[in-house]
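# I'd like to go over a predicted model; first the sequence, then the structure.
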Amino acid sequence: LAPVPIYVEERGGAVDPYAESAHSNLKQSKEFLMARVTVEDCVEKVTNRFQLVMVAAQRSREISAGAEPRLERDNDKNPVVALREIADEKVSPDDLYNAIIQGLQRHVEVDEPEEDGFDAMASNPEFAGIASQMSETVAAAAGMSIEDSEE
């Protein structure tokens, strides 16, 4: 693979760091901004480019909704901040992917505890009689007796 040139932004515009005049300008410039985020930086973290677009858009929407950026903004727009956060591993792509899925769900399934089989039978009058007869039989076999106490 051939090296991809990185353009560094200065206050006056983009500068090609491979140009001879650019080296002297960069050395003389006291203040220059961070290198632009390239897709190649993010593809190392999220291998599928479609998923990269989806998770970056999700993070961008979160920032637009009021979430605090985890990097300095540097006058960048939300999509660029989202890509920089993904490239610097400040956010988890898996968490963003799960947030996408959760946002698209229409019906959230709630796990309710299943009724115990014995409780279901006890609530049915037909089985309640059988259960009481079985408990008397088991008690008699064990040499015990079940008596109804009247108070």
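That came through fine. Numbering: from 1, shown residues only.
# Am I right that residue 82 sits in a helix?
Yes. Under DSSP: H, G, I helix; E, B strand; the rest coil, residue 82 sits within a helix.
# shouldn't it be in contact with residue 56?
Yes. If you go by Cβ atoms under 8 Å, residue 82 and residue 56 touch, sitting 4.6 Å apart. Where C-beta positions appear, they are placed from N, C-alpha and C, glycine not excepted.
# Please enumerate the shared neighbours of those two.
Shared contacts of residue 82 and residue 56, defined by Cβ atoms under 8 Å, 6 or more residues apart in numbering, are absent.
# how about the strands in this structure?
8-10, 13-15 (DSSP state E).
# Which of the ones you listed has the lowest mean pLDDT?
Among the strands of the chain, strand 8-10 has the lowest mean pLDDT, at a mean of 48.
# Okay, helices next: where are they in the protein?
All helices of the chain, identified by DSSP state H, fall at 20-28, 39-43, 49-64, 78-87, 93-104, 117-123, 125-141.
# Of the ones you listed, which is nearest residue 110?
helix 93-104 (14.2 Å; Cβ to Cβ).
# could you point out where the protein is predicted with low confidence?
1-38, 115-122, 128, 131, 144-151 (pLDDT under 70).
# Thank you, goodbye.
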